[in-house]
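Student: Pasting the sequence and the predicted model now:
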Amino acid sequence: MAAVFAAAGLACAQQADSLEQQLQELKKQYDETTRALEQRIAALEQQIEKEKEKGLSERPKEGTVTPVELAAEEAQKAVLGQSDEVGAKFQGQVPSEPTYDFLREADQKIEKLEQQVGAFEFHGYFRSGYGLNSVGGQQVAFQAPGADAKYRLGNEAETYGELIFVNNWLNPDRDTEKAWMKTEFMVEANTTNSASYANFPGGAGNDQFRLREAFIQVGNILESQPNAKLWAGERYYRRQHIDIDDFYPLDMSGYGAGVEDFNAGIGKVALAYIAGARPDVITQNGYLAKNNIDVRLYDVKEPGGLWGGWFDFATSKGGETSTGTTISTTDGYAFGLKHQRLEWHGGYHTFSIQYGTGAASNFSSSIDDPTKFLHSSERLLATEQVLFQPNDRFAIMPIFVYQRSRDGNPQHGWNQWVSFGARPEVFFTKYLSLAFEAGFDRTQLRGQYDGWLRKFTIAPQIGAGRKFFSRPVLRAFLTYANWSEGLRGFVGGVPFLDRTAGLTYGVQAETWF
């Protein structure tokens, strides 16, 4: 599978290089041919003028050719592509076409190649590296149980990538007077850093590949709503993200269709139908499915920034499995509020709060385990993140997360997660910087675990600029974490199973494009 996708990516890159090479060769041939014809025509015109000035009226002897006739013959050869100096080198390619037809065809080929190159886009993201733990094994990540994310600097023990292929079929330049259409296709890859060719017995540690996006989007088809966009397929749908702990407070990615950026006067509106299913849960209705109606109002301009609101209604039809287990039909709703200040002190400030129940309580299109208590599940989530960069020598991103949730089972109680941390970066030169990261997580689930985790990382970096998000970047890292007795056995995996502290170190590269 890895080879197939690697070959596909290589083929796409080679195709783009080949198209670019063809384009440059045709342009070079076109310029050389045009220049040669212009020189030939200028020489012939000068020769004709000279003959006219001489005023030769004497008829030549039979069997001879006058200079004027010779000039005319040379001009005909040049135009018809029969000149030894100009057209001969093209005769093997277009033996039956005159040079001006060839030039017109070359012009058309150049135009088509330019359109192809301009219409295709290749984007992506990857991070990769390798690390060790302090007891001699492979690097492990430090994450608290019950926490939906971890502080990521020096704490990512995998290679992860997203390859995005975009083709603009109509109006790639986004002319405001014309409709446009594009397709987007994304492949996600995730490896355990175990081997460059992972093929282990039983599939343990083998590479994973997933199709995360495959959709079509079209815009500027409604005269009254030129900025509105319609889409259908599978896609990342308007996700909210906190970078330093790679947390998605709202992620309705999935399969469906919708319209977005619809101008509602006070702001923009997006409406979408998004669904998913659980092939491992089968009733007489088929795979257990979940349907979502997602409505959003955003970019509402008010003093202090931009406001937005969100509402989701989710439903999942139950049934009876082949083993006689009854799955209850469950629905639920969720809503949220978001405030943003963009271009704020060289960065931004974002605050969000949201609440959900039942099938909508996970703020996602995915389906939680269908227990008989799912209809009673709840979640409250508040997040805040700030990027502050007053100059090109210093930047910092502090964040805060508070989440309180329950799965509906009265015996389990509430799961609480409180997290706060920051990543400051100091830039010494355009390329050299030093990043620090400190994060604290406090989690609690009655009868299972109750404790805290602290994680610290220092990472010298070589990057592409003096911005917090300047990429690509190469870094070395040293990470130390410790945790309370209440989390012993839950953090650090096998190497730190009976410990309350751990150390890892290694190198990593990260970029997006």
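Tutor: That came through, no problem. Numbers count the residues shown, from 1 in each chain.
Student: any idea of the pLDDT on residue 91?
Tutor: The model reports residue 91 with a pLDDT of 38.
Student: no no, residue 12
Tutor: On the pLDDT scale, residue 12 is placed at 52.
Student: Using PDB, write out every CA atom in stretch 210-224.
Tutor: The C-alpha coordinates for stretch 210-224 follow below in PDB (Å, rounded to 0.1, in the frame of the first residue of the first chain):
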ATOM      1  CA  ARG A 210      -6.200   6.900   4.800                       C
ATOM      2  CA  LEU A 211      -8.200   8.900   2.300                       C
ATOM      3  CA  ARG A 212      -9.200  12.000   4.100                       C
ATOM      4  CA  GLU A 213     -10.500  14.300   1.400                       C
ATOM      5  CA  ALA A 214     -12.100  13.800  -2.000                       C
ATOM      6  CA  PHE A 215     -14.500  16.600  -2.900                       C
ATOM      7  CA  ILE A 216     -15.600  19.000  -5.500                       C
ATOM      8  CA  GLN A 217     -16.200  22.700  -4.800                       C
ATOM      9  CA  VAL A 218     -17.700  25.300  -7.100                       C
ATOM     10  CA  GLY A 219     -18.200  29.000  -6.600                       C
ATOM     11  CA  ASN A 220     -19.500  32.200  -8.200                       C
ATOM     12  CA  ILE A 221     -22.500  30.500  -9.800                       C
ATOM     13  CA  LEU A 222     -25.200  32.700  -8.200                       C
ATOM     14  CA  GLU A 223     -25.200  36.300  -9.300                       C
ATOM     15  CA  SER A 224     -26.700  37.500  -6.000                       C
END
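Student: for it, which positions count as buried?
Tutor: Counting neighbours by 16 or more other C-beta atoms under 10 Å, one finds that the buried residues in stretch 210-224 are 212, 213, 215, 217, 218, 219, 220. For glycine as for every other residue, the C-beta is placed from the backbone atoms N, C-alpha and C.
Student: Could you list which of those belong to strands?
Tutor: Taking DSSP state E as the definition of strands, those contribute 212, 213, 215, 217, 218, 219.
Student: okay, those residues in CSV with pLDDT and distance to residue 188 next?
Tutor: Below are these laid out as CSV (pLDDT from 0 to 100; distance: C-beta to C-beta, whole Å):
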residue, pLDDT, distance to residue 188
212, 97, 5
213, 98, 9
215, 98, 15
217, 98, 19
218, 98, 25
219, 97, 26
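Student: now these as TSV including distance to residue 504?
Tutor: Putting these into TSV (distance: C-beta to C-beta, whole Å) gives the following:
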residue	distance to residue 504
212	28
213	32
215	38
217	41
218	47
219	46
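Student: so what's residue 433 bridging to?
Tutor: residue 427, residue 461 (DSSP bridges).
Student: ok, how many other residues are close to it?
Tutor: Here the number of neighbours of residue 433 (other C-beta atoms under 10 Å) works out to 25.
Student: which residues touch it?
Tutor: By C-beta atoms under 8 Å, 6 or more residues apart in numbering, the contact set of residue 433 is 425, 426, 427, 460, 461, 463, 466.
Student: Recalculate using a threshold of 10 Å.
Tutor: Shown in contact with residue 433 (C-beta atoms under 10 Å, 6 or more residues apart in numbering): 393-395, 425-427, 459-463, 465-468, 470, 473, 475.
Student: Restricted to buried residues, select the residues you listed in PyMOL.
Tutor: Per 16+ other C-beta under 10 Å, the buried members of the contacts of residue 433 correspond to this PyMOL selection:
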select buried, resi 394+395+425+427+459+461+463+466+467+468+470+473+475
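Student: Looking at the contacts of residue 433, which are in strands?
Tutor: Residues of these located in strands (DSSP E): 394, 395, 425, 426, 427, 459, 460, 461, 462, 463, 473, 475.
Student: Point out where the stretch 1-150 of the chain drops to low pLDDT.
Tutor: Residue ranges of the stretch 1-150 of the chain with pLDDT under 70: 1-19, 23, 48, 51-117.
Student: hang on, residue 289 packs against residue 330?
Tutor: No. In this structure, residue 289 is not within contact of residue 330 by C-beta atoms under 10 Å, at 11.5 Å.
Student: for stretch 242-251, how far is the first residue from the last?
Tutor: From its first residue to its last, stretch 242-251 covers 12 Å (C-alpha to C-alpha, to the nearest Å).
Student: Show me how far that stretch is from its chain's centre.
Tutor: In terms of C-alpha atoms, centre = their mean, to the nearest Å, the centre of stretch 242-251 is found 15 Å from the chain centre.
Student: now stretch 205-220
Tutor: On the basis of C-alpha atoms, centre = their mean, stretch 205-220 sits 9 Å off its chain's mean C-alpha point.
Student: And stretch 250-261, by the same measure?
Tutor: 15 Å.
Student: Would you mark the buried spots in that stretch?
Tutor: By neighbour count with 16+ other C-beta under 10 Å, stretch 250-261 contains the buried residues 250, 251, 252, 253, 254, 255, 256, 257, 258, 259, 260.
Student: Turn these into CSV, columns for pLDDT and secondary structure.
Tutor: Shown next, in CSV, are those (pLDDT from 0 to 100; DSSP: H, G, I helix; E, B strand; the rest coil):
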residue, pLDDT, secondary structure
250, 98, strand
251, 97, strand
252, 98, coil
253, 97, coil
254, 97, strand
255, 98, strand
256, 98, strand
257, 98, strand
258, 98, strand
259, 98, strand
260, 98, strand
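Student: would you list the residues you listed in CSV and tack on distance to residue 144?
Tutor: Listed next are the buried residues of stretch 250-261 as CSV, based on distance: C-beta to C-beta, whole Å:
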residue, distance to residue 144
250, 21
251, 20
252, 25
253, 25
254, 28
255, 32
256, 33
257, 38
258, 35
259, 40
260, 35
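Student: So which of those residues is the closest to residue 133?
Tutor: Using C-beta to C-beta, residue 251 is the member of the buried residues of stretch 250-261 that lies nearest residue 133, at 30.2 Å.
Student: and that closest one, what does it touch?
Tutor: Contacts for residue 251 (C-beta under 10 Å, 6+ apart) come out as 236, 237, 238, 239, 240, 241, 362, 363, 364, 365, 366.
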